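Peer 1: below is the structure, and that's it, no one-letter string:
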């Protein structure tokens, strides 16, 4: 989850395009906009993502992935599998679990944010702890129930040791091979929903989103559109 959330990093660029009114048909800008939208799964981050199992993800940085996988196995982590993140384009993860800590460990490759590893632990009363080792700090804010730690380029062993420095405040949610992918999906949904409803980065209105989707050539994710329309009716 710590790395999947880098999908949100591109929202800042999208909103800047809106602020400055860049809707002119300049080929280079349109191409860049389309790439950003494809990477997010639409002109704004989808309200939900789905992890689709893959026999083998198409890693571009195979060397980094092999090194990370060897480190995870050496630490005794249990492999869950490799997944494509939908509806985002070009984003996939390899997922492991640490059953002694009830923590998930992921390696993510994203077409814009790049590669990195993340560690996360969910608690029954809602607290979420995430640690990321990406080179760049892609997130700008977090909800009050999330403890977010950034350790650029730190090895997995150090990230897990850091997690131990912050013991859970309520019982951690148990993880196994069956429920771990769904746990990541749910934590993504909680965090994105908070960004839409409480975060500082407000989402454009539906008319602006439709213009943005047309300009980028990438439609709004149907689930996200339904969610935003529901919010518009309630406001």
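Peer 2: That came in fine, so what should we check first? Small disclaimer: the values here were computed from a predicted structure and weren't measured.
Peer 1: which residue ranges of the chain form strands?
Peer 2: 50-54, 78-86, 92-98, 103-110, 114-122, 128-132, 146-150 (DSSP state E).
Peer 1: so for the last one, mean pLDDT?
Peer 2: When pLDDT is averaged along strand 146-150, the result is 92.
Peer 1: where does the protein have low pLDDT?
Peer 2: 1-43, 136-140, 199-204, 215-217, 233-235 (pLDDT under 70).
Peer 1: now the helices for it?
Peer 2: Chain-ordered helices for the chain, with DSSP state H as the definition, fall at 10-19, 27-40, 62-74, 156-164, 180-197, 206-216, 222-234.
Peer 1: next, the angle helix 206-216 makes with the last one.
Peer 2: It stands for helix 222-234. Angle, helix 222-234 to helix 206-216, by axes from the mean of the first three to the mean of the last three CA atoms, to 10 degrees: 150 degrees.
Peer 1: go on, the shortest one?
Peer 2: For the pair helix 156-164 and helix 206-216, the angle between their directions (the same axes, to 10 degrees) equals 180 degrees.
Peer 1: and for the third one?
Peer 2: Here helix 62-74 runs at 120 degrees with respect to helix 206-216, directions being taken by the same axes, to 10 degrees.
Peer 1: may I see the buried residues of helix 62-74?
Peer 2: Of the residues in helix 62-74, 64-65, 68-69, 71-72 count as buried by neighbour count, 16 or more other CB atoms under 10 Å. Where you see a C-beta, it was placed from the backbone N, CA and C, and this is true even at glycine.
Peer 1: now the two most distant members of those residues.
Peer 2: The largest separation in the buried residues of helix 62-74, counting by CB to CB, is between 64 and 72 at 12.5 Å.
Peer 1: returning to that earlier point: out of the strands of the chain, the one nearest residue 172 is which?
Peer 2: strand 114-122 (5.5 Å).
Peer 1: partners of that closest one in the sheet?
Peer 2: Strand 114-122 sits in its sheet next to strand 103-110 (antiparallel), strand 128-132 (antiparallel), going by DSSP bridges.
Peer 1: for these, which one ends up most surrounded?
Peer 2: For the strands paired with strand 114-122, the largest average neighbour count (mean count of other CB atoms under 10 Å) is found in strand 103-110, namely a mean of 26.
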